[in-house]
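Undergrad: build me a model:
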Amino acid sequence: MPERFTQLISRTVVLPQANIDTDQIIPARFLTTTTRDGLGGAAFYDWRYDANGQPLPDATLNAIDRPNHRILVAGDNFGCGSSREHAPWALMDYGFRAVVSTGIADIFCSNALKNGLLPVVVDTATHARLLDDPGGRVTIDLERCQLSAGNEPPVTFSIDPFARRCLIDGVDTLGWLLERLPLIQSFEARAA
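TA: Residues are numbered from 1 along each chain as shown. Reported below is the predicted structural model:
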């Protein structure tokens with residue numbers, strides 16, 4: 001079951017490249033499992049390690065304090081490419097809880113929301129400020145659908161209301177249905 005998401009206060013990790021696709025997020029050779037555990041080690045693998053599997057010393061993602069850097073600020077069209085549920089799994093296992101961009105691919109957005117990762121689309125001015133402040137402190141308030149950073153006024157973002165409710169409650173779609181099982185069973189008994 002996903003962790004409840006109401007408010008996230010964290011430092012950012014900035015990857016300004018546009019069109020980061022799901023094969024860059026988690027290369028296809030790591031799609032051999034149906035469990036989420038351990039996929040963080042494969043997140044952005046080709047950006048973090050050389051051909052011999054040695055960590056690249058200048059890789060941004062190798063230099064962060066993962067528990068304190070839970071918000072990824074990425075370039076436009078993040079998560080494009082093939083549908084790959086492993087991509088949000090890898091990001092979450094790496095420690096991310098939210099991705100912020102000016103554009104997030106629809107299928108990635110859907111997979112992220114279903115798995116507890118919050119995709120936040122912001123305007124270009126807000127995005128530019130976030131890109132210019134790697135490691136900056138950002139607050140994402142899901143109850144208010146607002147993102148705030150520095151001394152700037154908060155900006156509002158939109159999210160599907162059902163997905164928002166599931167994230168706040170810390171349930172996935174199946175969990176949401178199971179919570180309503182007594183109501184469903186009662187309705188079925190009356191209808192029979």
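Undergrad: got the contact list for residue 30?
TA: 39, 42, 45, 86, 90 (C-beta atoms under 8 Å, 6 or more residues apart in numbering). Where C-beta positions appear, they are placed from N, C-alpha and C, glycine not excepted.
Undergrad: okay, residue 1: pLDDT?
TA: Per-residue pLDDT puts residue 1 at 56.
Undergrad: residues near residue 44, how many?
TA: Neighbourhood size, residue 44 [other C-beta atoms under 10 Å]: 22.
Undergrad: element containing residue 185?
TA: helix 181-191 (DSSP states H and E).
Undergrad: how far is that helix from where the chain is centred?
TA: Offset of helix 181-191 from its chain centre (C-alpha atoms, centre = their mean, to the nearest Å): 35 Å.
Undergrad: contact partners of it?
TA: In contact with helix 181-191 (C-beta under 8 Å, 6+ apart) are residues residue 177.
Undergrad: ok, back up a step: neighbour-wise, which one of the contacts of residue 30 leads?
TA: Using other C-beta under 10 Å as the neighbour criterion, residue 90 leads the contacts of residue 30 with 27 neighbours.
Undergrad: what packs against the helix or strand that contains that residue?
TA: Per DSSP H and E: residue 90 is located in helix 86-94. When contacts are defined as 3 or more C-beta pairs under 8 Å, 6 or more residues apart in numbering; DSSP states H and E, helix 86-94 sits against helix 22-25, helix 106-114.
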